[in-house]
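1. Have a look at this prediction, sequence included:
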Amino acid sequence: MYQAPFVAEGEAAPAGRFAPANRRRLSGPALRSFAGIAELWGLSEEQRRLILGYPSRSTYHNWLRIAREHGAVTLDVDALMRLSAIFGIHQALGVLFETEDEARAWLMGPHRAPVFGGQAPLALITNGSLDGLMLVRRFLDAARGGLYMPPNAIDTSFAPTTDRDIAWR
């Protein structure tokens, strides 16, 4: 399995990281995975294209056709970054929610967190900007760490451990 080399803060990324051969290796599988997630989330073609940076319809369909046929397609760095953000969002939703339906409801429903301004997270995901995608991804990554999300049933019925609960031997 390929593992990208670690890049320390302040260092430039390795030259081969964004090389066409490396992007070609990643593009087909990334597009196939994205198509599956987009189906799961019920995204329209317009929303899918906005997530990818709004390629023309013909370009979008050509990318998908080549990817489905396991052909050679090479996406630009921007499109791959957008897909990476989608994969991170999808993974975080899988950690935070028990079912796909709960995750989809969170994506589609209005959100009270200040960063969403009452909008559904999906509105930011499909606004056409990488910033919107990354904002949702960072929010969910923080939520995985315990920030921002409202308490669930376990949190509301939680009783802290006391000294009486500890068996000293």
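-> On my side now, so go ahead. Numbers count the residues shown, from 1 in each chain.
2. right, and the helix or strand after the lengthiest helix in the chain?
-> Determined from DSSP state H, the single longest helix within the chain is helix 20-41. Counting by DSSP states H and E, the next helix or strand C-terminal to helix 20-41 is helix 45-51.
3. Only the buried residues of the next helix-or-strand element following that following helix, if you could.
-> Downstream of helix 45-51, the first helix or strand assigned by DSSP H and E is helix 57-68. For helix 57-68, the buried set under the neighbour-count rule, 16 or more other Cβ atoms under 10 Å, comprises 60, 63, 64, 66, 67. Every C-beta, even on glycine, is put in place using the N, C-alpha and C of the backbone.
4. which helices and strands does helix 57-68 pack with?
-> Counting contacts by 3 or more Cβ pairs under 8 Å, 6 or more residues apart in numbering; DSSP states H and E, helix 57-68 packs against helix 20-41, helix 45-51.
5. May I ask which helix or strand of this structure has the lowest mean pLDDT?
-> Ranked by mean pLDDT, DSSP states H and E, the helix or strand of the chain with the weakest confidence is helix 153-156, at a mean of 66.
6. so residue 103 touches residue 95, yeah?
-> No. The criterion here is Cβ atoms under 8 Å, and residue 103 misses it with residue 95 at 9.7 Å.
7. before we move on, back to that, in the longest helix of the chain, what counts as buried?
-> 22, 23, 27, 28, 30, 31, 34, 35, 37, 38, 41.
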